[in-house]
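Undergrad: Sequence and predicted structure below; questions after.
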Number of protein chains: 2
Amino acid sequence: MARRYDHSREELLQMAIQAARSLIIEEGTKALTVRKVATKMGYAVGTIYNLFNNVDDLIIHLNATTLDALHNNLTTIVFSGNVESDIKKLSHSYIDFTFQNLNLWNALFEHSLPKGETLPDWYNKKIDLLLNIVEAALAPLKTTISEEEIKKAARVLWSSLHGICSLATADKLKIMTKDPAIELSNSLVTNYIAGLQQFK
Amino acid sequence: MARRYDHSREELLQMAIQAARSLIIEEGTKALTVRKVATKMGYAVGTIYNLFNNVDDLIIHLNATTLDALHNNLTTIVFSGNVESDIKKLSHSYIDFTFQNLNLWNALFEHSLPKGETLPDWYNKKIDLLLNIVEAALAPLKTTISEEEIKKAARVLWSSLHGICSLATADKLKIMTKDPAIELSNSLVTNYIAGLQQFK
DNA sequence: TTGACAATTGAACATCGTTCATATAACTCT
DNA sequence: AGAGTTATATGAACGATGTTCAATTGTCAA
């Protein structure tokens, strides 16, 4: 059979990504195989390779939807203008997201490209958009800190939060309270921002 | 052939781990296969399964040697008693280590256990030993901060540093200077510790 | 010398990512 | 309407993977 036109190319792309998404949600990163994605779509293996270069390409597109979902989540937050409080809102949402989408979030970082390859520009732009949200929350500091410093602070907070979630979900730093990630991130945010402001 | 006794069980374990190590160093995580490890040792595939339960078990043992190497690296540092300066020494060593052992370090975090399984206790103890080093560097703060708070701070710093290295090596937050990881970690350490101390 | 034991082997199995010659549905043109 | 072209879809086939286990064979104690 060929050219069924049951679905447009765009629909097929979405179907493949959704199939991959549900596989990962239900069974984790290792459960994602090209054959299972194809079966779940009701198409043959080869079809996947009409849509994506290879399985890495598929995973990148899947991960992109996770970045989008996170982005949507974080943009619902309304800033008060109080930097510490706003950054805490962001970080709590981030932490909620990672714990509610554990397998999808792990897929973001467990995946590594074949050596030599780099992530596509459109993907990196999505990461920039997330950083922009943090920068926006830090914006009130502009009166006392340079634009450059704010960019740096956004990256520090973002990376650190990533590290906390990464170790809190995958492993165990669980010696703390019932919700170690929140606890650690609050400590990070409070003290880091206090440090930033004390030099004004 | 059988029972060659060319090597003791302990020797075989070390040979397997070393073979796996060099495969990852030279070619990255994806280049690690049971067959290649066996070939590199001069043994048959099946022998690996006399030594390890499965490939995950082998990787955990390999990763443990990486943790040991990092531990050895960090314990050579002599503390001055100045917390900020000592934590910076630690973080710079950590960053050096990750960049000089990129593939090994990535293997630590790219690897995920089959679902339901957890890391063995002896492995988690190695992580605790690393956290202990950070706690030791923070010890002078005991006069102004509770033991509990110091443990928390060690975990915040450790996780955050991990996050910074993770995003700096694998991806790109490269908008900053020639050495973004150092730059970000310095900002983290300076401001976080300033925050901790300002409440004394 | 013999028998029991333990270490080592590698063929076999199911599954994986990927390729590509083949088949056919849909569109174009006369 | 019919013929020719193009784009899409297929799935058998390939090489490589992790893992198992019956068979083989070196080593030791009796």
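TA: That came through fine.
Undergrad: And the helix or strand where A:Glu10 lies, what does it pack against?
TA: A:Glu10 is part of helix A:9-27 when elements are defined by DSSP states H and E. The contact analysis (3 or more CB pairs under 8 Å, 6 or more residues apart in numbering or on different chains; DSSP states H and E) places helix A:9-27 against helix A:34-41, helix A:45-51, helix A:55-75, helix A:102-110. (Each C-beta comes from the backbone N, C-alpha and C, glycine too.)
Undergrad: Save the ones you listed as CSV, and put in distance to DNA strand D too.
TA: Listed next are those as CSV, based on distance: least, CB to the nearest atom of the strand, whole Å:
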stretch, distance to DNA strand D
helix A:34-41, 7
helix A:45-51, 2
helix A:55-75, 12
helix A:102-110, 16
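Undergrad: Between these, which one is closest to B:Met15.
TA: Nearest to B:Met15 among these is helix A:102-110 (28.1 Å), distances taken as CB to CB.
Undergrad: May I have the phi/psi pair for A:Thr33?
TA: phi -130, psi 150 (degrees, to the nearest 10).
Undergrad: In contact with it, which residues?
TA: A:Leu23 (CB atoms under 8 Å, 6 or more residues apart in numbering or on different chains).
Undergrad: And it, how far from A:Val189?
TA: 40 Å (CB to CB, to the nearest Å).
Undergrad: With distance to A:Ser166 as added columns, please give the helices and strands packed on helix A:9-27 in TSV.
TA: Compiled in TSV, the helices and strands packed on helix A:9-27 are given as follows (distance: least, CB to CB, whole Å):
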stretch	distance to A:Ser166
helix A:34-41	26
helix A:45-51	30
helix A:55-75	14
helix A:102-110	7
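Undergrad: Mind checking these for the one nearest to chain B?
TA: Smallest distance to chain B across these (CB to the nearest CB): 5.5 Å, for helix A:102-110.
Undergrad: ok, and does the closest one reach over to chain B?
TA: Yes: using CB under 8 Å from any CB of the partner chain, we find that helix A:102-110 touches chain B at A:Asn106, A:Phe109, A:Glu110.
Undergrad: That helix: what's the following helix or strand?
TA: Heading C-terminal from helix A:102-110 (DSSP H and E), you reach helix A:121-138.
Undergrad: which of the residues in that next one are buried?
TA: By neighbour count on 16 or more other CB atoms under 10 Å in any protein chain shown, the buried set for helix A:121-138 is A:Lys126, A:Ile127, A:Leu130, A:Leu131, A:Ile133, A:Val134, A:Glu135, A:Ala137, A:Leu138.
Undergrad: show me what contacts the spatially most central residue of chain A?
TA: Centroid check for chain A by CA atoms, centre = their mean gives A:Leu67 as the closest residue, at 4.2 Å. A:Leu67 sits next to A:Leu108, A:Tyr123, A:Lys126, A:Ile127, A:Leu130 when contact means CB under 8 Å, 6+ apart.
Undergrad: between those residues, which is closest to A:Leu51?
TA: Nearest to A:Leu51 among the contacts of A:Leu67, with distances taken as CB to CB, is A:Tyr123, at 16.8 Å.
Undergrad: my guess is that closest one meets A:Leu62, correct?
TA: No: using CB atoms under 8 Å, A:Tyr123 is not in contact with A:Leu62, being 11.3 Å away.
Undergrad: The lengthiest helix in chain A: how far from the chain's middle?
TA: Ranked by residue count and defined by DSSP state H, the top helix of chain A is helix A:147-170. Centre-to-centre, helix A:147-170 and its host chain are 12 Å apart (CA atoms, centre = their mean, to the nearest Å).
Undergrad: The helix or strand just after that helix packs against which elements?
TA: Note on helix A:147-170: by DSSP H and E, the next helix or strand toward the C-terminus is helix A:180-198. The contact analysis (3+ CB pairs under 8 Å, 6+ apart) places helix A:180-198 against helix A:83-100, helix A:147-170, helix B:147-170, helix B:180-198.
Undergrad: out of these, nearest to A:Val55?
TA: Using CB to CB as the measure, helix B:147-170 is the one of the helices and strands packed on helix A:180-198 that comes nearest A:Val55, at 18.5 Å.
Undergrad: For that closest one, give the mean pLDDT please.
TA: The average pLDDT for helix B:147-170 rounds to 93.
Undergrad: quick one: it near chain A?
TA: Yes: judged by CB under 8 Å from any CB, helix B:147-170 and chain A are in contact via B:151-153, B:155-156, B:158-164, B:166-168, B:170.
Undergrad: Which residues of chain A lie near DNA strand D?
TA: Proximity of chain A to DNA strand D, by CB under 7 Å from any atom of the strand, involves residues A:1-7, A:9, A:12, A:43-47, A:49-50.
Undergrad: Show the buried residues in those residues.
TA: Buried among the residues of chain A next to DNA strand D by 16+ other CB under 10 Å: A:Leu12, A:Tyr43, A:Thr47.
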